[in-house]
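*Asks:* With the sequence up front, the predicted model follows.
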Amino acid sequence: MIERRFELEKSQISKVVKVIAKLLQYGGIVLLRGDLASGKTTLVKHMAAFYGIKKDAVSSPTFSVMNRYASDFFHYDIYQKGIRGIMENGLFENLQQKGYHFVEWGDEELEMMLKRYALPYIVVEIVPLTPNKRIYKVYNA
């Protein structure tokens, strides 16, 4: 497992975006972890922009559970439904599609499922230090 740690101002988020993009395979999954308002959706907005999608098109999928911004860019929020909600709603099959998948609140239970099915993924933990500074820990599983 490769771990990279960044302590960045919000304006420097492109540094972590480039590292994630380099590690992320096409068809790969990014499990995003962090407290409420830590910057998970903000990171997805910047990842979307990296892949040519307008940041303004990206919003939190808290109530919809999944948003699709392009034919191959998926954004999930499993805070309310958890892994069981993903399984019951057929969203686990979506995670097996080619493209880029970003899962907010991607927990250890989901990580175990991904390992079981040999699906490629990375983990990004976000820890706010100040309103404008974050620690990003990127694990290549």
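*Replies:* Looks like it arrived, so ask away.
*Asks:* what about the residue nearest the centre of the chain, is that helix, strand or coil?
*Replies:* Relative to the mean C-alpha position of the chain, the nearest C-alpha, by CA atoms, centre = their mean, is the one of F102, at 3.1 Å. Secondary structure, DSSP: H, G, I helix; E, B strand; the rest coil: F102 is strand.
*Asks:* What pLDDT does the model give it?
*Replies:* If you check F102, the pLDDT there is 96.
*Asks:* any idea how far it is from H46?
*Replies:* 11 Å (CB to CB, to the nearest Å). For the C-beta atoms, the positions are set from N, CA and C on the backbone; glycine is no exception.
*Asks:* Quick check: the residue nearest to the centre of the chain touching M47?
*Replies:* Yes: here F102 lies in contact with M47, judged by CB atoms under 8 Å, at a distance of 6.5 Å.
*Asks:* between those two, what contacts are shared?
*Replies:* V30 (CB atoms under 8 Å, 6 or more residues apart in numbering).
*Asks:* so what does the worst-scoring helix or strand of the chain on mean pLDDT touch, helix or strand wise?
*Replies:* Ranking every helix and strand in the chain by mean pLDDT, DSSP states H and E puts helix 82-88 at the bottom, with a mean of 71. In terms of contacts (3 or more CB pairs under 8 Å, 6 or more residues apart in numbering; DSSP states H and E), helix 82-88 is packed against helix 108-116.
*Asks:* angle of the helix it packs on against strand 100-104?
*Replies:* 150 degrees (axes from the mean of the first three to the mean of the last three CA atoms, to 10 degrees).
*Asks:* Relative to the next helix or strand after helix 108-116, what are the paired strands and their orientations?
*Replies:* Counting by DSSP states H and E, the element after helix 108-116 in chain order, helix or strand, is strand 121-130. If you go by DSSP bridges, strand 121-130 pairs up with strand 29-33 (parallel), strand 133-140 (antiparallel).
*Asks:* Nearest to R116, out of these?
*Replies:* Proximity to R116, assessed across those by CB to CB, is greatest for strand 29-33 (13.3 Å).
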